[in-house]
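Peer 1: Pasting a predicted model and its sequence here:
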Amino acid sequence: MDPHLLRTFVAVAETGSFSAAAQRLRYTQSAVSQQIAALEADLGTPLLTRRPVALTTAGERLQRHANLILVRLEAARADVTRSIAPPGRLVLGLTPLAWSAPVPAALARLRAESARLHTRILVADRDRIVAAAATGEIDLGLVDGFAAPSDPLRLPEPGAHDAVGVAGSPAVVAVPEGHPLARRASVDLGDLADAYWIDAPVLAPFARLPVDGLRAGLHYDGADVTVLTGLVAAGHGLIVLPAPVVANRPGLAGVPIAAPRLVHRVELLRAPGSEEPAARLAGLLGAQALQ
């Protein structure tokens, strides 16, 4: 089974369109159609209906396998590349709000121990970091999000089972300092259904809040925390953020959340086959998490 054909199949399955898959892969639409036809001929069964584009039963089964196969192929490539890479290399991937204590201190200590350490940092959304850790594109991943106090983050497969918690902080509703809620001792998110919220998919995805009925009044696609908190301070909407991010930000107040109970978690993902210095940084982060 040709992995190139599998990648095309996954693109069509995920986008629900031959033309959208062609744009994603930078192919022509006819090339996508030909590749899907070749894969169907190889397997001897239709995988997709054409109008509308939808997975057949066989296609649904193949999609479950295809994602894992492609991840394993990328992981194998990354493992070979890592074996010939010069020593003292670390590729760290993280979501923007994962850059919090104890991460900077642990990385600074590692760099102090390894004067010639070459470090590259990738900042992206959670799904991208999880995928990069699973394929070995990065040596370590740090992802963040909100969860109940005793629960881990619900991470997309593959790779979620490798997550280890390294930091946590209270979750608050960020509001302008002059907002009526700013004087409240706490707030129930369910009572804020009529408020305008900011949806920031890269920083704090609105859709992942465990509350129904909230509505987004502004969509922010960026990853700059300063811009996001500035939007809140200017009155463009509310957002749930880690308490340390809100503290000492001009024009902002953080209101504790009474219900549902939420904490902000940072979790560590270690790529398969990663060795030193990734192992050392993982150890430093784990040790600090227990303090």
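Peer 2: Cool, the structure landed. It should be emphasised that the depicted structure is a prediction, and the values quoted were computed from it without experimental measurement.
Peer 1: Remind me which helix or strand the closest residue to Val164 other than its chain neighbours belongs to.
Peer 2: Spatial nearest neighbour of Val164, excluding adjacent residues (CB to CB, 6 or more residues apart in numbering): Leu268 at 4.8 Å. (Glycine included, C-beta is placed from N, CA and C.) According to DSSP states H and E, Leu268 maps onto strand 263-270.
Peer 1: Show me what the helix or strand just after that strand is packed against.
Peer 2: Toward the C-terminal end, the helix or strand that comes next after strand 263-270 (DSSP H and E) is helix 278-289. Applying 3 or more CB pairs under 8 Å, 6 or more residues apart in numbering; DSSP states H and E, we find helix 278-289 packed against strand 89-94, helix 103-113, strand 140-147, strand 164-176, strand 263-270.
Peer 1: where's helix 278-289 relative to the chain centroid, distance-wise?
Peer 2: 20 Å (CA atoms, centre = their mean, to the nearest Å).
Peer 1: what does that helix contact?
Peer 2: 90, 92, 102-103, 105-107, 109-110, 113, 139-140, 164-167, 268, 270-271 (CB atoms under 8 Å, 6 or more residues apart in numbering).
Peer 1: give the contact list for Leu228.
Peer 2: Ile198, Ala200, Leu203, Ala204, Tyr220, Gly222, Ile239.
Peer 1: just to revisit the earlier point, now do the strand holding Leu268 against strand 164-176, angle only.
Peer 2: With axes from the mean of the first three to the mean of the last three CA atoms, to 10 degrees applied, the angle from strand 263-270 to strand 164-176 works out at 140 degrees.
Peer 1: chain center to strand 263-270: distance?
Peer 2: 11 Å.
Peer 1: Direction-wise, compare it with helix 103-113 and give the angle.
Peer 2: Using the same axes, to 10 degrees: strand 263-270 against helix 103-113 is 30 degrees.
Peer 1: quick one: average pLDDT of strand 263-270?
Peer 2: Mean pLDDT, computed over strand 263-270, is 92.
Peer 1: which helices and strands sit right next to it?
Peer 2: helix 126-135, strand 140-147, strand 164-176, helix 278-289.
Peer 1: and if we set it to 10 Å?
Peer 2: Counting by 3 or more CB pairs under 10 Å, 6 or more residues apart in numbering; DSSP states H and E, the packing neighbours recorded for strand 263-270 are strand 89-94, helix 126-135, strand 140-147, strand 164-176, strand 239-242, helix 243-246, helix 278-289.
Peer 1: Please write out the alpha-carbon positions of the second one in CSV.
Peer 2: Meaning helix 126-135. Taking Å, rounded to 0.1, in the frame of the first residue of the first chain, the C-alpha atoms of helix 126-135 are listed here in CSV:
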residue,chain,number,x,y,z
ARG,A,126,-2.1,21.6,20.7
ASP,A,127,-2.9,19.3,17.8
ARG,A,128,0.2,20.3,15.9
ILE,A,129,2.5,19.7,19.0
VAL,A,130,0.8,16.3,19.8
ALA,A,131,1.3,15.2,16.2
ALA,A,132,4.9,16.4,16.1
ALA,A,133,5.7,14.5,19.3
ALA,A,134,4.1,11.3,18.0
THR,A,135,6.1,11.5,14.7
